[in-house]
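Trainee: this one's sequence-less:
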């Protein structure tokens, strides 16, 4: 894209900025004046950088087709980590082998911003960043690395469930239900009544925004300053419908550990409000709190359209994004 034509902050999508806004710089880069353009070309355009990318790529896990590269902020510049260094940022360039592949960074960025700005979900700090040629990438700040470079304890839900590729096969991240995952929070988070509400809201959000990638490794408990474990900030939120034809839920069993479906679900093939009310009850959300947590997702939120229109998605994908959101909201409000 033409980086001279920016009208919105590439982090918060706030209007009237040609680079990162002060608020974005404060939250994402500790107030340092960092450029939204990386000081190098895409890997395939520069042999030396390509070699460093290849080396870097070996040291951080790759989920599916999405490559993740480790970065450090040195003074005001982002650079790839060398061997033995602890990165504090994750960079996701355009991946391969997906439909609308060039839209993946903008999609993840937009979905994360909607989660935080519209629904007030706790999310990892994130922004768009660009290679010299204008090619987009998604950048997020690691929340498990302390200021001194050591790490907070972090356990994803696959680990908490005792599932690995060795003991549960290649689909170990998917063979579960969101109900069972919620019960893991009850077991491992001392303040689970607070954390279960955050989890409930996140599951509803993932349904509403067609995140078919919300598997067990994309939920985690994170060590707090007090030494106990809380639900980590949300990460890897993306509308997968723009790229693959998937089902309503990433987890094979869906919402429930059994075969429960509301009348509305059986009729339409999609869950509605009553399914999520039953889900809330089963995972231990207090009955008096369910409506308060669910209502923001049932209501039409005009700011979503504003953020979609300001996003870095193409016009066609902006329309597709809003269409999937409105379709899901119709399912949610019915029944």
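Mentor: Happy to help now that I have it. Every value quoted in this text rests on a predicted model; they were computed, and no experiment measured them. Residues are numbered from 1 along each chain as shown.

Trainee: can I see the domain layout of this protein?
Mentor: Taking automatic domain parsing as the domain assignment, the ranges for the chain are 3-141, 154-333.

Trainee: among those domains, which comes closest to residue 147?
Mentor: Ranking the domains of the chain by their distance to residue 147 (criterion: CB to CB) puts domain 3-141 first, at 9.0 Å. Just so you know, the C-beta spots here come from the backbone N, C-alpha and C atoms, and that holds for glycine as well.

Trainee: wait, residue 255 touches residue 272, no?
Mentor: No. The criterion here is CB atoms under 8 Å, and residue 255 misses it with residue 272 at 11.3 Å.

Trainee: what about these two, which has more around it?
Mentor: residue 255 (23 against 20; other CB atoms under 10 Å).

Trainee: not counting sequence-adjacent ones, nearest residue to the more buried one?
Mentor: Among residues not flanking residue 255 along the chain, residue 279 sits closest, at 4.8 Å (CB to CB, 6 or more residues apart in numbering).

Trainee: report how many residues lie close to that neighbour.
Mentor: By other CB under 10 Å, the residues close to residue 279 number 23.

Trainee: residues of stretch 248-260 that come out buried?
Mentor: Of all the residues in stretch 248-260, those buried under the rule 16 or more other CB atoms under 10 Å are 248, 249, 250, 251, 253, 254, 255, 256, 257.

Trainee: Throw the residues you listed into CSV and include secondary structure, distance to residue 79 and pLDDT, thanks.
Mentor: Formatted as CSV, these follow (DSSP: H, G, I helix; E, B strand; the rest coil; distance: CB to CB, whole Å; pLDDT from 0 to 100):
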residue, secondary structure, distance to residue 79, pLDDT
248, coil, 40, 94
249, coil, 38, 95
250, coil, 33, 95
251, coil, 37, 96
253, coil, 43, 96
254, coil, 43, 96
255, coil, 43, 98
256, coil, 46, 98
257, coil, 46, 97
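
Trainee: ok so, going back, would you reformat the domains of the chain as TSV and include distance to residue 148?
Mentor: Below are these laid out as TSV (distance: least, CB to CB, whole Å):
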stretch	distance to residue 148
domain 3-141	10
domain 154-333	13
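
Trainee: can you pull out the helices in the protein?
Mentor: Secondary structure of the chain, counting by DSSP state H: helices at 22-29, 47-57, 104-117, 157-160, 165-168, 178-188, 192-208, 263-268, 273-283, 287-298, 302-310, 315-333.

Trainee: ok, now how distant is the closest residue to residue 33 other than its chain neighbours from residue 149?
Mentor: Nearest in space to residue 33, with sequence neighbours left out and distances taken as CB to CB, 6+ apart, is residue 76 at 5.5 Å. The gap separating residue 76 from residue 149 is 19 Å, by CB to CB, to the nearest Å.

Trainee: ok, now residue 222?
Mentor: Counting by CB to CB - residue 222 and residue 149 are separated by 17 Å.

Trainee: tell me which of these two has more neighbours.
Mentor: Counted by other CB under 10 Å, residue 222 and residue 149 do not tie: residue 222 has more neighbours, with 16 against 11.

Trainee: for the chain, which residues score under the pLDDT cut-off?
Mentor: In the predicted model, the chain carries pLDDT under 70 at residues 1, 43-65, 335.

Trainee: apply 50 and report the result again.
Mentor: 45-46, 57-63 (pLDDT under 50).

Trainee: tell me who's in contact with the nearest residue to residue 296 once chain neighbours are set aside.
Mentor: Among residues not flanking residue 296 along the chain, residue 119 sits closest, at 5.8 Å (CB to CB, 6+ apart). By CB atoms under 8 Å, 6 or more residues apart in numbering, residue 119 lies in contact with 201, 205, 296, 297.

Trainee: are any of the residues you listed buried, and which?
Mentor: Buried residues within the contacts of residue 119, counting neighbours by 16+ other CB under 10 Å: 201, 205, 297.

Trainee: burial of the closest residue to the last one other than its chain neighbours, as a residue count?
Mentor: The spatially closest residue to residue 297, leaving aside those adjacent along the chain, is residue 204, at 5.0 Å (CB to CB, 6+ apart). Other residues within reach of residue 204 by the criterion other CB under 10 Å amount to 22.

Trainee: quick check: the gap between residue 204 and residue 146.
Mentor: 31 Å.

Trainee: what's near enough to touch residue 164?
Mentor: Going by CB under 8 Å, 6+ apart, residue 164 touches 158, 172.

Trainee: doesn't residue 283 make contact with residue 183?
Mentor: Yes. Contact criterion CB under 8 Å: residue 183 and residue 283 qualify, at 6.8 Å.

Trainee: so the two - more neighbours on which side?
Mentor: A direct count of neighbours by other CB under 10 Å for residue 183 and residue 283 places residue 283 higher, at 23 against 18.

Trainee: and the more buried one, how far is that from residue 253?
Mentor: Separation of residue 283 from residue 253 (CB to CB): 14 Å.

Trainee: also residue 179?
Mentor: With CB to CB as the criterion, residue 179 and residue 253 are 8 Å apart.

Trainee: ditto for residue 152
Mentor: In this view, residue 152 and residue 253 are 30 Å apart by CB to CB.

Trainee: what does residue 80 give?
Mentor: Using CB to CB, which is the criterion applied here, residue 80 is 39 Å from residue 253.
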